[in-house]
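**Q** Provided below are the primary sequence and the corresponding predicted coordinates.
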Amino acid sequence: MSVAEPRRIVLFRHAKADWPQMSDHERPLADRGRMEAAVAGRKLADTGIPVDLALCSTATRTRETWKIAVHELAHRPKTVYEERLYEASPGELISVLNEIPDDAQNVVLIGHNPGVHGLAEVLAGRAEGDTRTRMNDHGFPAAAFAVLTFDGSWKSLEPGVADLIDYWAPTE
């Protein structure tokens, strides 16, 4: 696989979580979240992106979101559960993405706000059509995802090098 081929990153926020009396890390999905995760999985499948690798936060709500959404994809990618994604800043998320082996072309990162939205903003030096406006108008609600592309190796991923090419939210 050539690093000259554009890489794609799908930044996927977990679906709607419940608020039981437990630690934030252990919060499960709400009933609405389970439905949104399935819809988001179908929308991700509709993009036609053949995901090679999924990086998922270890929080219960992100793991549940991915477990539901991945069933909608044509094939199940390798999934790595990464505790550094929980409560991560955009800079911390870039550091994790910089470690991805170059044989992974298309990656989905399942994480949390404000980090996921902030990362989409930081990476996107350019945006197709009204994708940035739509993303900013909607915020980055539960189960939303943004698709970015960039050229080069994962080690070269840094602020402003990507194109925001798609955005979807259940509120659209």
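**A** It's in.
**Q** just checking, residue 22 is part of a strand?
**A** No. Checked against DSSP: H, G, I helix; E, B strand; the rest coil, residue 22 lies outside a strand; its state is coil.
**Q** following the worst-scoring helix or strand of the chain on mean pLDDT, which helix or strand shows up next?
**A** Of all helical and strand segments in the chain, the minimum by mean pLDDT, DSSP states H and E falls on helix 131-138, at a mean of 93. Later in the chain than helix 131-138, the nearest helix or strand by DSSP states H and E is strand 145-150.
**Q** what's that next one packed up against?
**A** Where contact means 3 or more Cβ pairs under 8 Å, 6 or more residues apart in numbering; DSSP states H and E, strand 145-150 is packed against strand 7-13, helix 31-46, helix 115-123, strand 162-168. (C-beta placed from N, C-alpha, C; glycine too.)
**Q** pick the most deeply packed of these.
**A** Highest mean neighbour count among the helices and strands packed on strand 145-150 (mean count of other Cβ atoms under 10 Å): strand 7-13, with a mean of 25.
**Q** okay, now the sheet partners of that strand, with direction.
**A** Each strand paired with strand 7-13, and its direction, by DSSP bridges: strand 106-111 (parallel), strand 145-150 (antiparallel).
**Q** could the ones you listed go into a markdown table alongside distance to residue 167?
**A** Below are the strands paired with strand 7-13 laid out as a markdown table (distance: least, Cβ to Cβ, whole Å):
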| stretch | distance to residue 167 |
| --- | --- |
| strand 106-111 | 14 |
| strand 145-150 | 5 |
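**Q** adding distance to residue 106 as columns, could you present the helices and strands packed on strand 145-150 in JSON lines?
**A** Shown next, in JSON lines, are the helices and strands packed on strand 145-150 (distance: least, Cβ to Cβ, whole Å):
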{"stretch": "strand 7-13", "distance to residue 106": "4"}
{"stretch": "helix 31-46", "distance to residue 106": "11"}
{"stretch": "helix 115-123", "distance to residue 106": "15"}
{"stretch": "strand 162-168", "distance to residue 106": "12"}
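**Q** quick one, which of these is nearest to residue 145?
**A** strand 7-13 (4.2 Å; Cβ to Cβ).
**Q** how far off centre is that closest one?
**A** 4 Å (Cα atoms, centre = their mean, to the nearest Å).
**Q** number the residues from 45 up from this point.
**A** In the new count, where the first residue is 45, that last one comes out as strand 51-57.
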